[in-house]
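Participant: I'll drop the sequence and a predicted model, then ask my questions.
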Amino acid sequence: MIPTQDSWLSALDQSIHEVVGMMSTAGLDASPACPVTHPLGGETVQVCLSVSGQPAHRIRIIVSSRAALGWTAELVGQPQESIDEMVLDAVGELGNMIAGATKSKLSTDGVSRDLSIPSVRRTTCDGRRGDSDASAGSQLRYGYAGGRIEIAVEAITD
């Protein structure tokens, strides 16, 4: 059975909760007020990965600078002052863990799926939306460590 968009979103939601719950003492805020109380703006870190299958999907994870610094501090055990290579690596690993867990959840149908190497880069958001290419229905938003994490997923049709 081909996973639906709702299946992808559900698997991603379960996966981020599992990963953050296992690796961090800071919890996720997935309340409806999250987009307002944790704006995504300024410098961010974006992780892009693809998962093969029918159809293949692209996963984009956008992490505000505050959430990226908080995640990295949790992993390395010391506060981080700015987005550097260590922060980019830590957020890339977050993306890899979320995508890997999602792939496992969706691979119960016997279809083999491969995960691409994560592409990690610094970005700037204007604060209105974290990902202008994705429709609101294909995004998940969370507050984390006083910042914000957004996940978008879309089928690759090209």
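Facilitator: Now that the structure is in, tell me what you want to look at.

Participant: is it true that residue 87 touches residue 72?
Facilitator: Yes: Residue 87 lies in contact with residue 72 (Cβ atoms under 8 Å); the separation is 4.7 Å. The C-beta positions use only the backbone N, C-alpha and C, and glycine is treated the same way.

Participant: now for these two: what residues contact both?
Facilitator: Residues within reach of residue 87 and of residue 72 at once, by Cβ atoms under 8 Å, 6 or more residues apart in numbering, are residue 80.

Participant: any idea which helix or strand carries the residue nearest the centre of the chain?
Facilitator: Geometric centre of the chain, nearest residue: residue 61, 3.2 Å, by Cα atoms, centre = their mean. In this structure, residue 61 sits in strand 57-64 according to DSSP states H and E.

Participant: partner strands of that strand, with direction?
Facilitator: Paired neighbours of strand 57-64 in the sheet (DSSP bridges): strand 42-51 (antiparallel), strand 147-155 (antiparallel).

Participant: can you say which of these is nearest to residue 114?
Facilitator: strand 42-51 (7.3 Å; Cβ to Cβ).

Participant: shaky segments in the chain?
Facilitator: Low-confidence segments of the chain (pLDDT under 70): 1, 31-41, 109, 125-137, 158.

Participant: can you give me the helices for it?
Facilitator: Using DSSP state H, the helices of the chain run over 5-23, 34-37, 65-76, 85-106.

Participant: could those helices be laid out in CSV, adding mean neighbour count and distance to residue 142?
Facilitator: Output for the helices of the chain, formatted as CSV (neighbours: other Cβ atoms under 10 Å; distance: least, Cβ to Cβ, whole Å):
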stretch, mean neighbour count, distance to residue 142
helix 5-23, 17, 7
helix 34-37, 14, 6
helix 65-76, 21, 8
helix 85-106, 20, 11
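
Participant: would a markdown table of the ones you listed with distance to residue 55 be doable?
Facilitator: Formatted as a markdown table, the helices of the chain follow (distance: least, Cβ to Cβ, whole Å):
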| stretch | distance to residue 55 |
| --- | --- |
| helix 5-23 | 11 |
| helix 34-37 | 28 |
| helix 65-76 | 30 |
| helix 85-106 | 12 |
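
Participant: distance-wise, check residue 123 relative to residue 155.
Facilitator: 22 Å (Cβ to Cβ, to the nearest Å).
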